[in-house]
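*Asks:* Generate a structure from the sequence data that follows.
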Amino acid sequence: MQTPRRTNLHRISCGVFGRLALLVGLSTSIQPCLANTDRPERIVIAGDSTASTYEQSRHPRMGWGQVLDRFLVPEITVLNRAVSGRSTKSYVDLGHFAPLAAELKPGDVLLIQFGHNDAKADDPIRYADPEQAYPAGLMRFVDAARQAGAMPVLLTPVTRRYFDANGKLTDSHTPYANAVRKLAAAEHLPLLDLTNLSMDYVAALGPEASKAYFMHDPALGLVDDTHFTERGALAMACLVSGGLIELGVLSKADTIRDTDCALPDNVAARFAGQQHASLIEHQDRIITMQPGPHGGQGLTLASPFFQSAPNLDLAFRRRVLRDGASIGLHAHGRDEIYYVLSGRGELTLDGKLHTLVPGSAVLTRDGSTHSLRQIGAEELAILIVYKKDPPTP
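*Replies:* As a prediction, the model looks like this:
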């Protein structure tokens, strides 16, 4: 079990008070979180290989910090100072910390994510025990941010892809993730629980599908359950950017694409309690030949997807109109959508003629009338979507 859940994220109050309180170490947990109008100019990342930037020669290996800027408006600069192979200890000892601290400036956001290499007990250069050395190492970064007038944000370590024999994802970072959570609570720091967020995400993918997110390449003999491909890096960057919005460090206006990658806390329980399973169907297995509906002419081929799925109030079908076939004129008491996959059609909508081509979409509203006829040499294939009538009591 992964505890605590991310519903215990340490939220911060937004605006000037929240930022000043974080800098001096005051708790803001009792303050309301308002819309953050203070857009940070820079996000600085201190971390390890899971976040670091790689040269093109290392492709497809990427860190989430390498692609974080793809989610942000151009006004926010990402300075990725994560270094492959580093721990909180070796990042300092090998000379990376001093230049990082020197370049921090007021208003920066410093994302701090270590743990993978701190846990390597057989390597004295990198090892930092989770009880004392690791939190002390994290505090060095926190103090540097506070002294520079920047906002430190602690991140628990991103998950590895370790599935057991039963296909359950295991947590390889428990003592280190807990140390980050404890430190964030003690220092009243914003916490982005990337361990829980990434574990939920990778667990939902499952043992096979998750391979595409990590450096698994049979052609090259690669079996790497720690480092990400571009696909995995983007997924983790999405979790990070969405988490920063949830914390109030960023607002939705600071992003240029959706960041809703985090799964609900109860996703596993909801799946376990699912009364009706999700389905996949193929048109060729459900296809039937029908005369043109609503008094239309000619023959059509209908594929009514999920027709027998229980408790589904949406009708979704593919219909193919052959030479000159038509859907007859009919009135609507509900919304209906046509989408043209291929071919050409002549649509009559509320008494006016329109030519439909691939890519055309038609929304017919309550009170309208329409009909559709195939024209040209190619069969007309459309998708049809509407809400079903409620069952008769």
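
*Asks:* Next, the contact list for residue 153, please.
*Replies:* For residue 153, the contacting residues are 109-112, 189-192, 244, 247, 249, by Cβ atoms under 8 Å, 6 or more residues apart in numbering. The C-beta positions use only the backbone N, C-alpha and C, and glycine is treated the same way.

*Asks:* And the pLDDT for the residue lying farthest from the centre of the chain?
*Replies:* Distance from the C-alpha centroid of the chain, by Cα atoms, centre = their mean, peaks at residue 297 (46.8 Å). Residue 297 is assigned a pLDDT of 97 by the prediction.

*Asks:* Check the gap between the residue nearest the centre of the chain and residue 332 for me.
*Replies:* Taking Cα atoms, centre = their mean, the centroid of the chain lies closest to residue 261, which sits 2.2 Å from it. Between residue 261 and residue 332 the distance is 37 Å, computed by Cβ to Cβ, to the nearest Å.

*Asks:* need the helices for this structure, in chain order.
*Replies:* Taking DSSP state H, the helices of the chain run over residues 15-24, 64-67, 88-93, 97-103, 133-148, 174-187, 194-209, 230-247, 267-272, 283-286.

*Asks:* The fifth one: which residues count as buried?
*Replies:* The neighbour-count criterion (16 or more other Cβ atoms under 10 Å) identifies 133-135, 137-142, 144-146, 148 as the buried residues of helix 133-148.

*Asks:* gap between stretch 330-344 and the chain center?
*Replies:* In this view, stretch 330-344 has its centroid 32 Å away from the chain centroid, taken as Cα atoms, centre = their mean, to the nearest Å.

*Asks:* could you give me the average pLDDT of stretch 219-226?
*Replies:* Averaging pLDDT along stretch 219-226 gives 90.

*Asks:* cool, stretch 159-177 as well?
*Replies:* Stretch 159-177 shows a mean pLDDT of 96 in the predicted model.

*Asks:* Repeat that for stretch 180-199.
*Replies:* 97.

*Asks:* gap between the two ends of that stretch?
*Replies:* Between the opening and closing residues of stretch 180-199 there is a gap of 16 Å (Cα to Cα, to the nearest Å).

*Asks:* repeat for stretch 330-350
*Replies:* Note: stretch 330-350 ends 10 Å apart using Cα to Cα.

*Asks:* follow-up on the earlier one: distance of the residue farthest from the centre of the chain from residue 314?
*Replies:* Counting by Cβ to Cβ - residue 297 and residue 314 are separated by 28 Å.
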